[in-house]
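*Asks:* I'll drop the sequence and a predicted model, then ask my questions.
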Amino acid sequence: MEKLSNLEHKFLFYFGSLVVILFISLSYWQFNSYLQDKETIQKIVDTEKPIPVTLSDLYTNNQEIIFEYNNIQIIDGDELDIVKTWYLRSRVHNGENGYHLVTLYKHKISERNILVKNGWVPLDKNIDKTFLNKDIVFIGRLINYDKQTFGQDDIPNSEYLFRVDKEFLENETQTNLPNFYITLTTSCGSGVECINLTDPYDAPHLSYSFQWLFFAVCLIVVIFRKNKII
């Protein structure tokens with residue numbers, strides 16, 4: 001402690017130490033995001049063959065088939081009617097800007113609902129020409145809902161969304177949704193391009209992790225040299 005109190009650049013030492021901790025925390029966060037992305041891809045690769053399920057199955061807690069990223073096929077999809085559609089904002093596909101089409105369906109007999117992300121549509125989409133029911137095969141991945149973030153609240157009675165938020169959509173449509181929604185991966189409909197979940201955007205989390213760690217090491221060296229510790 002006596003050595004610390006006699007440091008020539010005490011402000012740099014204490015303030016710099018806080019910044020170093022911040023850099024290391026950011027590096028850890030990015031590295032953890034990288035590991036989560038790898039785990040997600042592995043889950044998708046491990047469940048390639050679609051498992052046949054009914055809409056009622058999606059409302060159960062059967063964890064053997066109802067879990068995130070599981071590949072399923074809704075076998076009673078021909079009994080589904082469209083209730084409402086939305087456009088998920090600012091989604092890029094093959095370098096082009098557009099939206100993800102999100103549709104709420106209701107079963108004709110059970111009247112249970114399912115939320116489906118049909119796929120990507122361009123910015124100049126036309127709702128009258130966007131997909132036909134007969135072109136859709138309800139094969140896709142079960143996906144967990146998004147969470148609202150500060151500053152991007154979804155607007156009631158709008159055809160656009162910032163994210164697929166379960167609570168907002170249930171309140172908006174006065175419906176009860178299952179624990180997961182479905183992202184279609186096969187035969188998504190006329191005017192809609194399927195989303196390839198097995199080849200997602202490769203975020204540079206690992207490079208950012210090394211970047212923040214490099215900044216931390218550089219700052220540590222500066223602090224130590226200025227205070228003649230090394």
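*Replies:* That came through, no problem. Residues are numbered from 1 along each chain as shown.
*Asks:* ok, which stretches of the protein are strands?
*Replies:* Counting by DSSP state E, the segments of the chain that form strands are 51-53, 71-74, 80-93, 96-107, 113-122, 139-143, 160-161, 181-184.
*Asks:* of these, which is nearest residue 212?
*Replies:* Nearest of the strands of the chain to residue 212, taken as C-beta to C-beta: strand 80-93 at 25.5 Å. Bear in mind the C-beta positions are built from the backbone N, C-alpha and C, glycine included.
*Asks:* now do stretch 163-171: distance to the chain's middle.
*Replies:* Put simply, stretch 163-171 sits 14 Å off its chain's centre (C-alpha atoms, centre = their mean, to the nearest Å).
*Asks:* what comes up buried for it?
*Replies:* For stretch 163-171, burial by neighbour count (16 or more other C-beta atoms under 10 Å) applies to 163-166, 168-169.
*Asks:* in JSON lines, list those along with pLDDT.
*Replies:* Listed next are those as JSON lines, based on pLDDT from 0 to 100:
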{"residue": "163", "pLDDT": "86"}
{"residue": "164", "pLDDT": "90"}
{"residue": "165", "pLDDT": "89"}
{"residue": "166", "pLDDT": "90"}
{"residue": "168", "pLDDT": "89"}
{"residue": "169", "pLDDT": "90"}
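*Asks:* quick one on the thing from earlier: now the strands of the chain in TSV, with mean pLDDT and mean neighbour count?
*Replies:* Below are the strands of the chain laid out as TSV (pLDDT from 0 to 100; neighbours: other C-beta atoms under 10 Å):
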stretch	mean pLDDT	mean neighbour count
strand 51-53	88	16
strand 71-74	90	20
strand 80-93	83	16
strand 96-107	88	20
strand 113-122	90	23
strand 139-143	89	22
strand 160-161	87	17
strand 181-184	92	23
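*Asks:* which stretch among the ones you listed comes nearest residue 190?
*Replies:* Here strand 113-122 is closest among the strands of the chain (C-beta to C-beta), at 10.7 Å.
*Asks:* angle of the closest one against strand 80-93?
*Replies:* 40 degrees (axes from the mean of the first three to the mean of the last three C-alpha atoms, to 10 degrees).
*Asks:* was I right about residue 74 contacting residue 178?
*Replies:* No - taking contacts as C-beta atoms under 8 Å, residue 74 lies outside contact range of residue 178: 11.0 Å.
*Asks:* joint contacts of those two?
*Replies:* 58, 114 (C-beta atoms under 8 Å, 6 or more residues apart in numbering).
*Asks:* if we can go back for a sec, ok, the buried residues of stretch 163-171 vs residue 195, which is closest?
*Replies:* Relative to residue 195, the closest of those is residue 164; by C-beta to C-beta it sits at 12.5 Å.
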